[in-house]
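Engineer: what follows is a predicted structure for the sequence shown.
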Amino acid sequence: MKLGLQLGYWGAQVPHNHGELVTAAEEHGFDAVFAAESWGSDAFTPLAWWGSRTERVRLGTSVAQLSGRTPTNCAMHALTLDHLTGGRAILGLGVSGPQVVEGWYGEPFGKPLARTREYVSIVRQVLAREAPVRNPGPHYPLPYDGPGATGLGKPLKPITHPLRADLPIWLGSEGPKNVALTAEIADGWLAIYYSPRLAPMYNEWLDEGFARAGARRTREDFEIAASCQVIVTDDRAAAIANVKPILALYIGGMGAPELNFHAQVYRRMGYEEQVEAIGQLFRAGRKAEAAAVVPDAMVTETMIIGNAAQVRAELDVWEAAGVTMLLVTCGDVEQVRLLSEIANGATTELAG
């Protein structure tokens, strides 16, 4: 199982040590580095900037938001990054949620699966550069012929020849229909709040997509990159307690009460009552009480926390569940080094 470094998106200030982390990730054998976006920093610029200091690691967006760019514009970003880095780009895409899409981008959130399918199809047309790009719509009609159109639009090919027609496209998806779509049209799945215990359920969703006519990949050449907080510590109980307020934020505050994808993920795990209680308390401003409702199992089901031996054992579990890459966050260079050593140790033990 490979390791990927997740830089995430910026907070109020620009992170001071991302350059060091990226350099360390390359030095210690990480396979890839990913950057994200929400409604502040973008996902592509940090990869171009830090990618210029590396030679080997792949560089991926996790995720670029569909509503932030038209599909042809997104393809331009991807092909440019791919050229600048010698074919190391991974285009990770996701629909985000209605609060961001409608509140920040001013676009309708409806029909996320249909929009994703069209979007990916157009990006692949640009990267293939076999013919002028056309799409009948309804979400991204090319050429545009709707209200206000001049009628002068014409199908175009990208001026710049893409470096790779098969530049990998990974999708961030959480629900059963979206995961099945991911297996059908994408090269990889960016999984958030992945639970190895639920691997049989995920496999059913994935297999539905792989079985569809025209599916792009099979399970053998499809990548599953799961985001996972890994904390190496001798005080496991304290580390679990420290994570609970963050989990309560995502379950109770990162999305509307009517539609919170993160909350839905934990409901599928069987935490319906806890999710409901966390949401009510968090929205009432009782954040500490919301965190207190989070049971230890909710944390340890989707995160790896413990001493080096416990972490090594858990890495084996995640790999056996089908994860091909673990996307981890690291606060400093020492954590990058330590996780690399533990992962390599786990690999050695399996091999022996």
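Structural biologist: Yep, that arrived. Numbering: from 1, shown residues only.
Engineer: can you pull out the strands in this protein?
Structural biologist: 2-6, 32-35, 58-61, 64-65, 89-94, 169-172, 188-191, 223-227, 230-232, 304-306, 325-328 (DSSP state E).
Engineer: please name every helix or strand in contact with the fourth one.
Structural biologist: Going back to what we said before, that points to strand 64-65. Secondary-structure packing of strand 64-65 (3 or more C-beta pairs under 8 Å, 6 or more residues apart in numbering; DSSP states H and E): strand 89-94. Where you see a C-beta, it was placed from the backbone N, CA and C, and this is true even at glycine.
Engineer: so where do the helices sit in the stretch 1-150 of the chain?
Structural biologist: 18-27, 44-51, 71-84, 98-103, 112-128 (DSSP state H, counting those that start in this stretch).
Engineer: where does the prediction get shaky in the stretch 251-352 of the chain?
Structural biologist: 255-258, 346-352 (pLDDT under 70).
Engineer: turn the strands of the chain into a markdown table, columns for mean neighbour count and distance to Ala313.
Structural biologist: Formatted as a markdown table, these follow (neighbours: other C-beta atoms under 10 Å; distance: least, C-beta to C-beta, whole Å):
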| stretch | mean neighbour count | distance to Ala313 |
| --- | --- | --- |
| strand 2-6 | 22 | 17 |
| strand 32-35 | 27 | 24 |
| strand 58-61 | 26 | 27 |
| strand 64-65 | 24 | 34 |
| strand 89-94 | 26 | 29 |
| strand 169-172 | 26 | 27 |
| strand 188-191 | 26 | 21 |
| strand 223-227 | 24 | 17 |
| strand 230-232 | 20 | 13 |
| strand 304-306 | 22 | 8 |
| strand 325-328 | 25 | 14 |
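Engineer: mind putting the ones you listed in a markdown table, distance to Val336 included?
Structural biologist: What follows is those, written out as a markdown table (distance: least, C-beta to C-beta, whole Å):
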| stretch | distance to Val336 |
| --- | --- |
| strand 2-6 | 7 |
| strand 32-35 | 11 |
| strand 58-61 | 16 |
| strand 64-65 | 24 |
| strand 89-94 | 19 |
| strand 169-172 | 22 |
| strand 188-191 | 20 |
| strand 223-227 | 16 |
| strand 230-232 | 11 |
| strand 304-306 | 16 |
| strand 325-328 | 9 |
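Engineer: for Glu107, find the nearest of these.
Structural biologist: strand 64-65 (10.0 Å; C-beta to C-beta).
Engineer: in its sheet, what does the closest one sit against?
Structural biologist: Strand 64-65 has its sheet partners listed here by DSSP bridges as strand 89-94 (parallel).
Engineer: restricting to C-alpha, output the partner strand in PDB.
Structural biologist: Taking Å, rounded to 0.1, in the frame of the first residue of the first chain, the C-alpha atoms of strand 89-94 are listed here in PDB:
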ATOM      1  CA  ALA A  89      -0.500  14.900 -12.600                       C
ATOM      2  CA  ILE A  90      -3.600  13.200 -11.200                       C
ATOM      3  CA  LEU A  91      -6.900  15.100 -11.700                       C
ATOM      4  CA  GLY A  92      -9.000  14.500  -8.600                       C
ATOM      5  CA  LEU A  93     -12.500  15.800  -9.000                       C
ATOM      6  CA  GLY A  94     -15.500  16.200  -6.700                       C
END
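Engineer: now the angle from that strand to helix 44-51?
Structural biologist: Per axes from the mean of the first three to the mean of the last three C-alpha atoms, to 10 degrees, the angle that strand 89-94 makes with helix 44-51 is 150 degrees.
Engineer: rank the helices of the stretch 1-150 of the chain by pLDDT, which is bottom?
Structural biologist: Mean pLDDT values for these show the minimum at helix 98-103, a mean of 93.
Engineer: buried ones in stretch 16-27?
Structural biologist: Within stretch 16-27, the residues scored as buried using 16 or more other C-beta atoms under 10 Å are 18, 21-26.
Engineer: which one of those residues is nearest Leu47?
Structural biologist: Val22 (9.3 Å).
Engineer: the residue nearest to that closest one when sequence neighbours are not counted: neighbour count?
Structural biologist: Distances taken as C-beta to C-beta, 6 or more residues apart in numbering place Trp50 nearest to Val22, at 4.3 Å, with adjacent residues excluded. A count of nearby residues for Trp50, using other C-beta atoms under 10 Å, gives 22.
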